[in-house]
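S.K.: next one to model:
(one chain, ligands or ions: 1)
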Amino acid sequence: MKFQLLPSTFDENGRASARQHLACFVVDDLIAFDAGSLAISTTAKQKKQIRDVVLSHAHLDHIAGLPLYVDDLFATIKRPIQIHATAEVIEILERDIFNWSIYPRFSELRNDYGVVLEYRPFEIEEDFAVKHLTVKAINVNHKVPSVGFIVSDGKSCFALTNDTSVMGRFWEVLNETENLSAILVECAFPNELSDLACASHHLTPKVLEKELDKFKQNCPIYVVNIKPMYIEQVTRQIMELEIENLCILDVGRIYEF
Ligand SMILES: [Zn+2]
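M.R.: Presented below is the predicted three-dimensional model:
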């Protein structure tokens, strides 16, 4: 499986920066997990191919690129863009984003080829198919309803916590998962901002260390979703944990799981 965290933020020379404001992970240039930078950073090939978007939750940094992506491709979409999300998240998108005020309700619009956007609700802890992938969503512990994912292509699999604080069930399911090639864990704030992390239901390196005690498998662990203003602090504190297999995921790099 090919896996890539799309760049979302650029330095003064226009190059991709490690400071990530938005979350969007692309698998095999075909499927997007969250859509923060979907319209901004996808290649022409990805724009041509990605018609499935799997959402963890409706926070802006995870969906910001979705309305713009549908807008960009509107006239050329031959197979409707499928948004895979819980019923709760779909309701929020329709009520608060695609509500004709913030952006058009694309689910009610058609181009020359037919409908352009469809919702595919999924259930918690029930496998669902997205192209060649099998995905399972597990509830995590965020300020709003949010899920982590276990994603398999039949040969290997990886897991994403997405935005979360301390978890129980996610680690239980992960420990029972076979062929796990990698996990991606969030760590939004540095230890100094533990109150803010707690209030907003995110992790710090210190809390992440305790969380990883619950993880009984041995595979690479990549840290993602670091708040852009704290990238240096969080990176340093993650490295100071000296946990084998734990490192920061490189923005834009293509990983093979
Ligand atoms: Zn969030």
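S.K.: how long is stretch 50-59 from one end to the other?
M.R.: Start and end residues of stretch 50-59 are separated by 21 Å (CA to CA, to the nearest Å).
S.K.: contacting residues for Met167?
M.R.: Each residue near Met167 by CB atoms under 8 Å, 6 or more residues apart in numbering is listed here: 140-141, 148, 161, 211, 214. No exception for glycine: its C-beta is placed from N, CA and C like everyone else's.
S.K.: what subset of these is buried?
M.R.: 140-141, 148, 161, 211 (16 or more other CB atoms under 10 Å).
S.K.: between those, which is closest to the ion?
M.R.: For the buried ones among the contacts of Met167, the minimum distance to the ion (CB to the ion) is 10.0 Å, reached by Val140.
S.K.: separation between the residue nearest to Ser156 when sequence neighbours are not counted and the ion?
M.R.: Leaving aside its sequence neighbours, Ser156 sits nearest to Ser181 (CB to CB, 6 or more residues apart in numbering; 4.3 Å). From Ser181 across to the ion, the span is 25 Å (CB to the ion, to the nearest Å).
S.K.: where in the stretch 51-200 of the chain is pLDDT low?
M.R.: Within the stretch 51-200 of the chain, no range satisfies pLDDT under 70.
S.K.: how about the helices in it?
M.R.: Per DSSP state H, counting those that start in this stretch, the stretch 51-200 of the chain carries helices over the ranges 60-63, 65-73, 87-92, 169-175, 194-199.
S.K.: Ala32: what secondary structure?
M.R.: strand (DSSP: H, G, I helix; E, B strand; the rest coil).
S.K.: find the nearest non-adjacent residue to it, please.
M.R.: Val53 (4.7 Å).
S.K.: where's that neighbour relative to Tyr69, distance?
M.R.: 8 Å (CB to CB, to the nearest Å).
S.K.: anything in contact with each of the two?
M.R.: 35, 38, 81.
S.K.: of those residues, which belong to strands?
M.R.: Ile81 (DSSP state E).
S.K.: could you list the buried residues of stretch 165-185?
M.R.: Those would be 165-167, 170-171, 173-174, 180-185, for stretch 165-185 by 16+ other CB under 10 Å.
S.K.: what does the stretch 1-150 of the chain put close to the ion?
M.R.: His59 (CB under 5 Å from the ion).
S.K.: give me the residue from the stretch 1-150 of the chain nearest the ion.
M.R.: His59 (3.4 Å).
S.K.: I figured that residue hits Asn162, correct?
M.R.: No - applying CB atoms under 8 Å, one finds His59 not in contact with Asn162, separated by 9.6 Å.
S.K.: compare those two (neighbour count), which wins?
M.R.: Asn162 (28 against 20; other CB atoms under 10 Å).
S.K.: ignoring the adjacent residues along the chain, who's closest to the residue in the stretch 151-257 of the chain that the ion sits nearest to?
M.R.: Nearest to the ion, among the residues of the stretch 151-257 of the chain, is Asp163, at 3.5 Å (CB to the ion). Nearest residue to Asp163, sequence neighbours excluded (CB to CB, 6+ apart): His142, at 4.7 Å.
S.K.: pretty sure the one you found sits against His57.
M.R.: Yes - with contact defined as CB under 8 Å, His142 counts as touching His57 (6.2 Å).
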